[in-house]
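Novice: Predicted model, plus sequence, below.
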Amino acid sequence: MSLICAGMVCFLSGTLHVCQAGTIRDDVADSFYTSLAQQSVYDSVGFLTWSIGSSGYIASGTLIAPDWVLTAGHVVGGTDDNGAGVSGMIFGMGPTYNGIGISATEWIPYGGWSSSGGNLWAGVDLGLVHLSQAITNVAPAQMDFSTSLLGLLGTSVGYGRSGTGLTGMNTNPGVKRAGQNVIDAQGGMLTTMGNGSLLDLDGISSTVLFYDFDKPAESVLSSMGSTAPVALEYLIGNGDSGGALFIDVGGVTKLVGVNSFLASLPDPLDTTGPNGDYGDLAGVVSVQSFGNWIYEVTGVPEPSGLSLLLLGLSGLALVRRRK
Ligand SMILES: [Ca+2]
Ligand SMILES: [Ca+2]
C-alpha cells in the first residue's frame, strides 16, 4: 500500500492576520495546545523564514547550539536540494511569527538529502542553519541518541498551519503550537489499521518515525498503533517542517525528531489527501542515526555526551564477556 505525501513548507503570505501550528482535536480548546507550546522546555523551537526569488516561505527549526538550528533538509534545500536560490533566511523565536530574527549565514542540507534528490522515504530530511550571532537567552535543546522511541509519547512543536481533525488545515501558519501523539511506527514496519487490515511501510527508511491522527470514538480511521487519541492528540501542518519532536527522558525534555512530511492513506480510505484531518499521518526523521553528522558540522553534542554513550556500550560488552 502506498502513502500519499506532501511537502510541508508553507508559502508565507504578505500579511498574517489570522495565524494559527498543526491540526488539533475538534473537542479540545486550542488554548491547551498554544499553552503547551509556551512551556519553557520548548523555548528552543523557533520559526525560519526565507525567500526564493520573489516567494516567501515559513517553516520551523530547533536551536541545538547558541548559533545552530536543526531543521528539515527540504527547508534549506532551495531549488536544487543543496541550498541554491535561498536568500534572506532568518530564525526567530516567541509565541508568534513577527518577522524579527537572527540572520543565517549558512544553510546546510544533510548530504544524503541532496544526493537522494529530496527523497522523503529515505529518512534523511535534515538540515542545519548557522546563525550570524549566538542566541544566549534561550537554552539549546538537548538531543537523545539512545532511547528506544516506539510507543513513547512525543510532543511536536512548530509554527505550521492549524485547523481541527474534522476540517484539516484551514488557517495560516505563524503561531507556535504543541501537541502530543504516541510514536506508533517506523519505516519498514507492518501496522494494523482500525479496520483490521494491514498497512505496509516497506520501502521507507527505519529512520522515519510515524504517528497517526486518531479521531475520538471512531477507531476505523486509525492506521497504526492505538485507535484512541491522547488528550492533546495532534498532527503537524504545513509550516511545521523542521519543527521538533521531543520526548521525556527521566524528567528531562530531549529532542528526538525533525518534522518531515504529512501523509494520507490513498483514496478511497482517505478522500481528502494529506490535509491534516483525522486519519492522516506524520513522518518525522529520527535524529538518532545522525549524531555524528550533527557533531561534525556544529560541534554538538559535546564529545562527552557521545563518549558516555560509547562507555555505556562497552560496559555492556564487558558484562557479556564475563558471562
Ligand atoms: Ca492510531
Ligand atoms: Ca486526509
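Specialist: Done, it's in. Ligands and ions are numbered 1, 2, ... in the order given.

Novice: State the number of residues packed around the one residue in the chain that gets nearest to ligand 1.
Specialist: Proximity of the chain to ligand 1 (C-beta to the ion) peaks at residue 222, 3.4 Å away. For every residue, glycine as well, the C-beta is placed using N, CA and C. For residue 222, the neighbour count with other C-beta atoms under 10 Å is 24.

Novice: how near is it to residue 278?
Specialist: 9 Å (C-beta to C-beta, to the nearest Å).

Novice: overlap in contacts of the two?
Specialist: residue 214 (C-beta atoms under 8 Å, 6 or more residues apart in numbering).

Novice: circling back: what residues does the residue of the chain closest to ligand 1 make contact with?
Specialist: Contacts of residue 222 (C-beta under 8 Å, 6+ apart): 193, 194, 212, 214, 279.

Novice: State the pair within those residues that is farthest apart.
Specialist: The largest separation in the contacts of residue 222, counting by C-beta to C-beta, is between 193 and 214 at 11.3 Å.

Novice: Who has more neighbours out of these two?
Specialist: residue 214 (28 against 20).

Novice: What is the burial count for the residue nearest to the more buried one when sequence neighbours are not counted?
Specialist: Spatially, and ignoring its direct neighbours in sequence, residue 214 is nearest to residue 229 (4.1 Å; C-beta to C-beta, 6 or more residues apart in numbering). For residue 229, the neighbour count with other C-beta under 10 Å is 24.

Novice: can you check residue 95 too?
Specialist: 13.

Novice: So for this protein, which residue is the most central one in space?
Specialist: residue 259 (1.8 Å; C-alpha atoms, centre = their mean).

Novice: First-to-last residue distance for stretch 277-294?
Specialist: With C-alpha to C-alpha, to the nearest Å as the measure, stretch 277-294 spans 33 Å from end to end.

Novice: That one and ligand 2, are they touching?
Specialist: Yes - using C-beta under 5 Å from the ion, stretch 277-294 reaches ligand 2 at 277, 280.

Novice: average pLDDT across that stretch?
Specialist: The average pLDDT within stretch 277-294 is 95.

Novice: Pull the distance from it to the chain's centre.
Specialist: 6 Å (C-alpha atoms, centre = their mean, to the nearest Å).

Novice: before we move on, what about stretch 246-256?
Specialist: So, by C-alpha atoms, centre = their mean, the centroid of stretch 246-256 is 15 Å from its chain's centroid.

Novice: Can you check the distance spanned by that stretch, start to finish?
Specialist: 6 Å.

Novice: Show me what counts as buried in it.
Specialist: 246, 247, 253, 254, 255, 256 (16 or more other C-beta atoms under 10 Å).

Novice: Other residues contacting it?
Specialist: In this structure, residues lying in contact with stretch 246-256 by C-beta under 8 Å, 6+ apart are 41-42, 44, 62, 64, 70, 141-144, 147, 149, 152-157, 183, 244-245, 286-288.

Novice: of those, buried ones?
Specialist: For these, buried by 16+ other C-beta under 10 Å: 41-42, 44, 62, 64, 70, 141-144, 149, 154-157, 183, 244-245, 286-288.

Novice: give me every residue that touches the closest residue to ligand 2 within the stretch 51-200 of the chain.
Specialist: As assessed by C-beta to the ion, ligand 2 sits closest to residue 168 within the stretch 51-200 of the chain, at 6.2 Å. By C-beta under 8 Å, 6+ apart, the contact set of residue 168 is 23, 272, 275, 276, 277, 280.
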